[in-house]
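1. Sharing a model prediction with you, sequence too.
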Amino acid sequence: MRFDIVTIFPGFFEGVLAHGILRRALKERLVTVETHDLREHAHDKHRTVDDRPFGGGEGMVLKPEPLAETLEALGIRAKAERGTTSTGSRVILLSAQGQLFTQATARELASLDRLVLVCGRYEGVDERINELYCDLELSIGDYVLSGGELAAAVVLDATMRLIPGVLGNEASGEFESFGVADAEIDVDVDGVPRSQHGAGGLLDYPHYTRPGEFHGLRAPEVLLNGDHAEIRRWRREQQLRKTLQNRPELLERASLSVDDQKLLAAMRANQK
Ligand code: SAM
């Protein structure tokens, strides 16, 4: 999969690309990432990419011409000339005014061949670039960042780790927070009873490793007894408990079994 990032700070991504799973994915050529400096398409001697907003008010706005030129140089035509968006690529504007980027979005994007990520700065990007070239306007959360680079890095990271072959253990992308439900996973792939559940939209369960006792706190005994079915039950209960405690709104959309509903009812009764 190819990622193109349009930015006034290409150097921002050096650290992002140089570590961990993304570094390995780049080395193994599962992913390519190119950054494109907007200023290379500014034509005055100061390489100006911004201007004052029409209508007055705070700050500056990224001008449309350098953005359009950068996109065209990447082979991105205006939407009207492209016709349909049902190809394998998307142009994404990172914006606090966008739709919320979620794990479900990351899963959809990971099935594409190419993402072009446009990073705003200052007060944002001239809206005509959004209208003319962008297929999606994405926000990474309900807060305002000073630039789209951090948001692009978030979209890049969350998406590329779901590309087949990128995670060392394929299953780690399934058995984690916001993951899919058991019904969508081959849970019995090797005949070994799973000690995990597909999250089905819930948060992950808590994790423990050695030592068994740390600062007087023991790791839960159930995780040490080797009984996979019991571990699986305990982990599901913990997923439900964490979600109820920290993100109760996720429960409304989660895939819940009858047993899950009973456990939740008991937890809610105890909360009262
Ligand atoms: N005037 C904008 C507003 O109030 O919505 C904020 C502009 S912000 C200071 C500059 C740039 O940061 C935006 O153009 C966008 O690219 C990026 N940005 C800020 N918050 C973001 C968020 N929550 N998600 C994605 N990008 C964001």
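-> That came through, no problem. Source: prediction; values computed, not measured. Numbering: from 1, shown residues only.
2. buried sites along stretch 126-140?
-> Neighbour-count burial for stretch 126-140 flags D126, I129, N130, L132, Y133, C134, D135, L136, E137, L138, S139, I140 (criterion: 16 or more other Cβ atoms under 10 Å). C-beta coordinates here come from the backbone N, C-alpha and C atoms, glycine included.
3. For the residue of the stretch 101-250 of the chain found nearest the ligand, give me the pLDDT.
-> Residue nearest to the ligand within the stretch 101-250 of the chain: G120 (2.1 Å; Cβ to the nearest ligand atom). We have a pLDDT of 98 for G120.
4. Can you show me the strands along the stretch 51-200 of the chain?
-> Secondary structure of the stretch 51-200 of the chain, counting by DSSP state E, counting those that start in this stretch: strands at 61-62, 89-100, 114-119, 136-139.
5. Any idea which of those strands gets closest to E221?
-> Distance to E221, taken as Cβ to Cβ, is lowest for strand 89-100 among these, at 39.1 Å.
6. Can you tell me what sits against that closest one?
-> 71, 76, 105, 109, 112-120, 124-125, 129-130, 133-145, 148, 151-152, 155 (Cβ atoms under 8 Å, 6 or more residues apart in numbering).
7. do stretch 245-256 as well
-> Contact with stretch 245-256 is made by F178, A181, A183, G200, G201, L202, L203, T243, L244, L264, as judged by Cβ under 8 Å, 6+ apart.
8. Which one of these sits in the busiest neighbourhood?
-> Counting neighbours by other Cβ atoms under 10 Å, L202 leads the contacts of stretch 245-256 with 28 neighbours.
9. Next up, phi/psi of that one, please.
-> Here is the backbone geometry of L202 (degrees, to the nearest 10): phi -90, psi 170.
10. Touching, it and S177? I think so.
-> Yes. At 7.5 Å, L202 counts as touching S177 under the criterion of Cβ atoms under 8 Å.
11. Which parts of this structure are helices?
-> Using DSSP state H, the helices assigned to the chain run over residues 13-17, 20-27, 64-73, 79-82, 103-110, 127-133, 148-160, 228-246, 258-271.
12. most neighbours per residue, which of these?
-> Ranked by mean neighbour count, the helices of the chain are led by helix 148-160 with a mean of 22 (mean count of other Cβ atoms under 10 Å).
13. contact partners of that helix?
-> The contact list for helix 148-160 (Cβ under 8 Å, 6+ apart) reads 1, 3, 5, 7, 9, 12-13, 16, 21-22, 25, 30-31, 33, 92-95, 101, 103, 106, 109-110, 115, 117-121, 138-140, 145, 166.
14. run the last query once more with 6 Å
-> Helix 148-160 is contacted by residues 3, 5, 7, 9, 12, 16, 25, 31, 94, 101, 106, 109-110, 117, 119-120, 140, 166 when judged by Cβ atoms under 6 Å, 6 or more residues apart in numbering.
15. what angle do it and strand 89-100 make?
-> Interaxial angle, helix 148-160 versus strand 89-100 (axes from the mean of the first three to the mean of the last three Cα atoms, to 10 degrees): 110 degrees.
16. Tell me which of the strands of the stretch 51-200 of the chain sits most buried.
-> The most buried one of the strands of the stretch 51-200 of the chain (mean count of other Cβ under 10 Å) is strand 114-119, showing a mean of 25.
17. Show me what it is packed against.
-> strand 2-7, strand 89-100, helix 148-160 (3 or more Cβ pairs under 6 Å, 6 or more residues apart in numbering; DSSP states H and E).
18. Just the mean pLDDT for the first one, thanks.
-> Looking back up the chat, that one is strand 2-7. 98.
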